[in-house]
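Enquirer: here's a sequence, model it:
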Amino acid sequence: MAEKTIVLFCGLGMSTSSMVRKMQKAAAAQGKDYDISAHALSEESLFAPTADAVLIGPQVRFELDNMRKRNPGLSIIDIPMKTYGLMDGAGALALAESIMKK
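Expert: Residues are numbered from 1 along each chain as shown. Sure thing, here's the model as predicted:
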């Protein structure tokens with residue numbers, strides 16, 4: 001069973017799928033066992049509540065405050081445009097880890 005769960009959301013869950021692969025590769029290289037998945041924003045209520053960290057793509061950044069209101073107590077952050085644009089899996093993984101509760 002995975003150590004922690006990281007969920008990414010974007011408009012349709014497609015562009016974040018590439019980021020998930022990069023994050024999985026970075027986690028494996030660091031010897032970390034995370035369950036990392038990507039979903040459409042419309043699936044928030046299904047996947048966000050069980051996540052240890054929620055990251056949202058820059059294209060849905062406008063939903064950040066609403067997501068935090070709908071999910072009090074959840075760690076939610078938006079992925080910076082540079083990290084997302086470069087598909088920096090290690091950077092996104094570090095971002096997720098920075099908001100996880102220990």
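
Enquirer: ok, which stretches of the protein are helices?
Expert: 15-29, 44-47, 64-70, 81-85, 89-99 (DSSP state H).

Enquirer: where's the longest one relative to the chain centroid, distance-wise?
Expert: Mean C-alpha position of helix 15-29 versus that of the full chain (CA atoms, centre = their mean, to the nearest Å) differs by 10 Å.

Enquirer: now that helix: buried residues?
Expert: Buried residues in helix 15-29, counting neighbours by 16 or more other CB atoms under 10 Å, are found at 15, 16, 19, 20, 22, 23, 24, 26, 27. For glycine as for every other residue, the C-beta is placed from the backbone atoms N, C-alpha and C.

Enquirer: the third one too?
Expert: Of the residues in helix 64-70, those buried by neighbour count under the rule 16+ other CB under 10 Å are residue 67.

Enquirer: for that helix, packing partners?
Expert: helix 44-47, strand 53-56, strand 76-78 (3 or more CB pairs under 8 Å, 6 or more residues apart in numbering; DSSP states H and E).

Enquirer: repeat the analysis, applying 7 Å as the threshold.
Expert: With contacts defined as 3 or more CB pairs under 7 Å, 6 or more residues apart in numbering; DSSP states H and E, helix 64-70 has these neighbours: strand 76-78.
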